[in-house]
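**Q** Let me see the structure of the following:
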Amino acid sequence: MENKLENIENKMEGITKLLLILNNNIEKTNEKINNLADIVENLKISIDDNLIKECKKMGDHIDFVENIYDNVKHPLGYICKKITYLTGNDEEQYTLTNINNNEDNLHN
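**A** Here you go, the predicted structure:
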């Protein structure tokens with residue numbers, strides 16, 4: 001009977017040691033995960049700041065190009081219509097928005 005108790009106690013000590021090792025490993029893993037989470041969060045903030053700046057720059061550029069286009073499209077369209085009238089009324093029509101058709105006609 002004493003042998004059985006001693007055997008059970010030895011097994012319990014082994015289990016206890018194993019649980020302590022597992023607990024230490026879990027704590028180390030949690031610490032590493034927390035460090036990685038901090039790194040990712042710092043990167044995310046940095047990327048978000050840069051992304052917002054770049055998007056604003058691109059938005060400003062798009063606004064600039066749209067303003068130029070709005071100012072140029074009517075006079076350019078007027079000139080194109082006058083040239084078309086003077087050169088004869090072709091059935092082909094050149095427009096500012098139909099770039100592919102214009103490119104095809106330039107290569108012919």
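**Q** Every contact and neighbour count from this point should use C-alpha atoms.
**A** Will do.
**Q** Pull the distance from stretch 2-14 to the chain's centre.
**A** Its chain's C-alpha centre lies 60 Å from the corresponding centre of stretch 2-14 when counted by C-alpha atoms, centre = their mean, to the nearest Å.
**Q** could you give me the average pLDDT of that stretch?
**A** Per-residue pLDDT values over stretch 2-14 give a mean of 90.
**Q** Just the buried positions in that stretch, please.
**A** Applying a neighbour-count criterion of 16 or more other C-alpha atoms under 10 Å, stretch 2-14 contains no buried positions.
**Q** For it, list the C-alpha coordinates in CSV.
**A** Extracted as CSV, the C-alpha positions of stretch 2-14 are listed here (Å, rounded to 0.1, in the frame of the first residue of the first chain):
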residue,chain,number,x,y,z
GLU,A,2,2.8,2.4,0.8
ASN,A,3,4.4,1.6,-2.5
LYS,A,4,1.3,2.6,-4.3
LEU,A,5,1.0,5.8,-2.4
GLU,A,6,4.7,6.6,-3.1
ASN,A,7,4.2,5.8,-6.7
ILE,A,8,1.1,8.1,-6.9
GLU,A,9,3.0,10.9,-5.1
ASN,A,10,5.9,10.5,-7.6
LYS,A,11,3.5,10.7,-10.5
MET,A,12,1.8,13.8,-9.0
GLU,A,13,5.2,15.5,-8.6
GLY,A,14,6.0,14.7,-12.2
